[in-house]
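Engineer: Return atomic coordinates for the entry below.
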Amino acid sequence: EHLLSNIELARYSVPTPVQKYSIPIVSSGRDLMACAQTGSGKTGGFLFPILSELFKHGPSEQPGSRGMYRSRKAYPVALVLAPTRELAMQIYDEARKFAYRSWVRPCVVYGGADISSQLRQIDRGCDLLTATPGRLVDLIERGRVSLSQIRYLVLDEADRMLDMGFEPQIRRIVENEDMPNVNDRQTLMFSATFPRDIQVLARDFLKDYVFLSVGRVGSTSENITQKIEYVEDDDKRSVLLDILHAQPESDHGLTLIFVETKRMADMLSEFLVQSGFPATSIHGDRSQRERERALESFRTGRTPIMVATAVAARGLDIVNVTHVINYDLPTDIDDYVHRIGRTGRAGNVGISTAFFNRGNKGIVRELIELLKEANQEIPPWLETIARETSNYGSRGSSGRGRGRGQNRDYRKFGSNSERGSYGTGGNE
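Structural biologist: Next up is the predicted model:
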């Protein structure tokens, strides 16, 4: 009841498909490997059942809590690992809403920010810890966090964590510290894609788990209208201004523009401001305070246009993004999927515009496949460019990194491309 009142306070009314399927699985105590489109409400899919169980059973006595001197070491009972500080902060903000007026004390730790303020937060009590892998390893080494009481382990955006090179830290946290073994904890993994390295991680970290796929693995939402425009590099600025001028003033939505370099993010946002459009930018060289200030300004609509590098592509959950513009297209189709997933979130509709020219022909075949799957219009010129590339119509991936063709399940679940399906997986 307490959780339900907090969910109502946070204005959640109807569960998303991933929540509808994942909540009963997690509540039944099963391990879960979930593949879901980005923006599908998966944070609630793991927070709701974990908090429900914690509220039901109440706080357990922690080691070092007796006697005159309380231990300065934190003993969280739930751990959520996330790839970026932005995503970690968002999960923490959601956890605070849903744990409101309860004994559960959420905390968040991430790199690139002052560690002393994070240590002070942990000292005040830490039951549900959201962390980036590197900062958590640092705190374990300092003797400030113990994983010995963990009952729930969540790996959110597991594919992104592997892409960012966090596998050694993740394996250390899960396998080489004092965390309970796989049979003595409940483990949940969420990933937008399901390539071989994620399957190996699932095999190593999960027991007798349920495999859940909501929507097509690695696909885009039909709530997003995808437009592909042919634009040469020299014409991008003027075409962008045309698009922004054409947006109705009554539209109070936010526009997110993706570029490939930090320098371009700053240059383009300055150009937009000079052209009369309130804009801000976010990229990896910004300090944590600058990033949070830019995100807050964007989220509240003070600067309704944000230019971003890929650092902001994953995990950002800003409901009112109505338009995503790929000013520079990525070289990997999975990155395109995650970028445009910033709009059309939680059942809302959105628009995605991509500037394409022959410099992007490396992803043309996969882009066409993606557009077909989502029932989008394919410009004839795009198919012409695809025919020009020698590998059009051939099998395999033309993009760099892990292509979408590699999302198949090597353990032959047979259900990972079905909508809203789930079946049982497990250790080999």
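Engineer: can you give me the helices for the stretch 251-400 of the chain?
Structural biologist: 262-274, 288-299, 333-340, 364-373, 380-388 (DSSP state H, counting those that start in this stretch).
Engineer: Going by contacts, tell me the helices and strands next to the second one.
Structural biologist: When contacts are defined as 3 or more CB pairs under 8 Å, 6 or more residues apart in numbering; DSSP states H and E, helix 288-299 sits against helix 85-98, strand 254-258, strand 279-282, strand 305-308. Every C-beta, even on glycine, is put in place using the N, C-alpha and C of the backbone.
Engineer: go again using 7 Å as the cut-off
Structural biologist: Helices and strands touching helix 288-299, by 3 or more CB pairs under 7 Å, 6 or more residues apart in numbering; DSSP states H and E, are strand 279-282.
Engineer: what's the spacing between the strand it packs on and its chain's center?
Structural biologist: Chain-centre distance of strand 279-282: 20 Å, with CA atoms, centre = their mean, to the nearest Å.
Engineer: mind checking pLDDT for residue 415?
Structural biologist: Residue 415 carries a pLDDT value of 33.
Engineer: Likewise for residue 316?
Structural biologist: pLDDT at residue 316 comes out at 67.
Engineer: Give me the contacts around the longest helix belonging to the chain.
Structural biologist: Assignment by DSSP state H gives helix 42-57 as the longest helix of the chain. The contact list for helix 42-57, computed with CB atoms under 7 Å, 6 or more residues apart in numbering, reads 2-3, 12, 18-19, 22-23, 26-27, 34, 36, 77-78, 91, 94-95, 98-99, 102, 104, 152, 154, 188, 190.
Engineer: follow-up on the earlier one: compare the helices of the stretch 251-400 of the chain and give me the one nearest residue 222.
Structural biologist: Nearest of these to residue 222, taken as CB to CB: helix 364-373 at 9.0 Å.
Engineer: Name the residues of that closest one that are buried.
Structural biologist: 364-368, 370-371 (16 or more other CB atoms under 10 Å).
Engineer: What's the local residue count around residue 145?
Structural biologist: Residues lying near residue 145 (other CB atoms under 10 Å) number 27.
Engineer: Verify the stated contact: residue 333 with residue 362.
Structural biologist: No. Here residue 333 does not reach residue 362: they are 9.4 Å apart, not a contact under CB atoms under 7 Å.
Engineer: the more surrounded of these two?
Structural biologist: For residue 333 versus residue 362, the count of surrounding residues by other CB under 10 Å is larger for residue 333: 27 against 18.
Engineer: quick one: the more buried one from residue 283, how far?
Structural biologist: Going from residue 333 to residue 283 by CB to CB, to the nearest Å gives 22 Å.
Engineer: next one: residue 305
Structural biologist: Distance, residue 305 to residue 283, by CB to CB: 15 Å.
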